[in-house]
Structure formats: C-alpha cells, structure tokens
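Asker: sequence unknown, structure follows:
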C-alpha cells in the first residue's frame, strides 16, 4: 500500500533527473531562509526603464563572458539604494548578485550602482510600442478573447475555458535565462500537479515568439515533460503577431526583438495571471520571484469563492 506521503511526491519520482534537480532547486514547498553563498558578477549596462514602486530597473546590459549574453532584463535593486537618484538613459557599472536558497527560488539583486555616463535611448531599446499603463487590465476587468494554436496545431480560444479558473504564463522556447522562462515552466509544473485532480482549473502557457515557436517547436520542447496531463495547454502565437501583441499589452508583459530573428535580440519581462471563470483578472504576478506555494493558495481561494474546489 502506498502511503499518503509517497503518493504526494510520486509525480516527482517519475520526472527526468534534470527536472527533479531543478524542481528541488526552485524549492517549492516552503519559504525556508536557509541560504548558501552569494555569487556576484560585474555588469555594465544602460537603464531602459525604472519602476520605483517595486525597486526595479529594466537594464540593457553587455555580455558577461562565461555567464550571460547581452540582453535586456529586469533587475531587483538593493533596498539600500535610492532608486530615484537614477534616470532612464544612465549608463551604469553595477554588481549582480545571486543567492541560492535551499527551499525557495534563488534571490537576485543589483547593488554597487555607479553612473558612468548618460545617453538617449534608441527606439528599439524601449518597450513603449508594446504596452502602455492605461492599456493594462486591472483587477476585476475582463481580458479579451484570444485564438492561438496548441501543440497539435488545433485552434484554441480563451473562451474555450469559460466557466473555469485559468492560470496564464508567457515564455519563449529559446529563452537563455534559467530564472526566466525555464523557471516559469517548473513553477507551473508544481501547480499543475497540485491541481491535477481538479477539472475546474486550466494552466495555459503561451509563447510570444510569433516567428519561431510553431506548434511543432513547442511540442518538441515541452511535449514529453507534460505528456499525460489534461490541465496544461502550451499555445503558439506563430503567425499571429497582432493577437499576441494585444494579449500581452493587456497583461502588461513587455517584449521586443522577435522580428530580428536572433534569440540574443529578444528581451522580455515576466508576467503570470489568474483569471476567473468569466475571464476577469483575479491576480497577477510579475518578475521572477513569485512563490508557487503562495500562488497555489490564491488559486485555492478563487476556486472556493466560485464553488469550483
């Protein structure tokens, strides 16, 4: 007879070794603060945008040999730094720190910021063409219907999931950052397994790479990982640029560089959404620091409120 404890972790034992390892790194069950050493890297870059309320900056940084290619990404700024002293267009030298934690996602932050210059941004260095604050849906507002393709090339619409709770995330298959798209996949995997017996919650992961991520590409990348699960849907926006731009605009997800064709030119933020049975926004999660256990509780709450638990 299988014990309840063994049953709860049985799904983990059936995963490939690499997935098991990454899941354990990301942590998932508790917020324990047991920590290991901090790894730090010197960075150079230019400020693309500043989010004072979240103590974050969008920075386009140079390549860091042996660690990270040139790209644009969101950085958490150390709380000791007065973020209002900096401006968009400031060129910086700074330190990027990674703190691995035993039972929680890695913590990352930037400190030692030093302004070394200033320049005007080029048009292709901003996210302004993709979303404006007044176009982002707010809590309680409904997101517009969308139509994309699943991994078997079948058309799927948001309205196909009417009456159910939806958890929507965005990725692209060639994402090089382990704490970005790969982490989003793994966090979703935890949640999917927690709710695999509930047919009233659907997990929808959408690629915003409308030029490269065909249904075939997504199936090759993720099909085996989620084989046998009924509550997960990988959707391709291939050939549907206007649709994905409209959706990500509402969601508040910024991205650029798709049309350049080189994954090194693709820059993006992170955003996941909980939608209610009527497609209204219940909650959203930006950045790379959201904890799956906390999202699990929020999903349980909305299921209970709507009598779907």
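Answerer: Perfect, thanks for sending it. What you see is a predicted model, and the numbers here were worked out from it, not measured in a lab. Residues are numbered from 1 along each chain as shown.

Asker: For stretch 237-256, what is the spacing between the initial and final residues?
Answerer: Distance across stretch 237-256, first residue to last, is 15 Å (C-alpha to C-alpha, to the nearest Å).

Asker: Residues touching the longest strand along the chain, excluding its own?
Answerer: In terms of residue count, the longest strand belonging to the chain (DSSP state E) is strand 35-51. Residues outside strand 35-51 that contact it (C-beta atoms under 8 Å, 6 or more residues apart in numbering): 56-62, 64, 67-68, 72, 83, 86-102, 110, 116, 119, 121, 125-127. In this view, the C-beta of every residue, glycine as well, is placed from N, C-alpha and C.

Asker: Direction included, what does it pair up with?
Answerer: strand 56-61 (antiparallel), strand 90-101 (antiparallel) (DSSP bridges).

Asker: Which positions within the helix or strand hosting residue 156 qualify as buried?
Answerer: Assessed by DSSP states H and E, residue 156 sits inside strand 155-157. Residues residue 156 are the ones in strand 155-157 that count as buried (16 or more other C-beta atoms under 10 Å).

Asker: Other residues contacting that strand?
Answerer: Against strand 155-157 from outside (C-beta under 8 Å, 6+ apart): 145-150, 233, 235.

Asker: Mind putting these into CSV with pLDDT and secondary structure?
Answerer: Shown next, in CSV, are the contacts of strand 155-157 (pLDDT from 0 to 100; DSSP: H, G, I helix; E, B strand; the rest coil):
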residue, pLDDT, secondary structure
145, 92, coil
146, 92, coil
147, 93, strand
148, 96, strand
149, 96, strand
150, 95, coil
233, 94, strand
235, 96, strand
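
Asker: ok so, going back, name the residues that touch the very next helix or strand once past the strand holding residue 156?
Answerer: Moving toward the C-terminus from strand 155-157, the next helix or strand (DSSP H and E) is strand 165-171. Contact with strand 165-171 is made by 158, 181, 184-185, 188, 191, 200-208, 248, 251, 253, 268, 270-277, 279, 282, 295, 299, 302-303, 306, 308, as judged by C-beta under 8 Å, 6+ apart.

Asker: centroid residue for this structure?
Answerer: residue 270 (3.9 Å; C-alpha atoms, centre = their mean).

Asker: Could I get the contacting residues of it?
Answerer: Contact analysis of residue 270 by C-beta under 8 Å, 6+ apart lists 74, 170, 180, 184, 253, 286-288.
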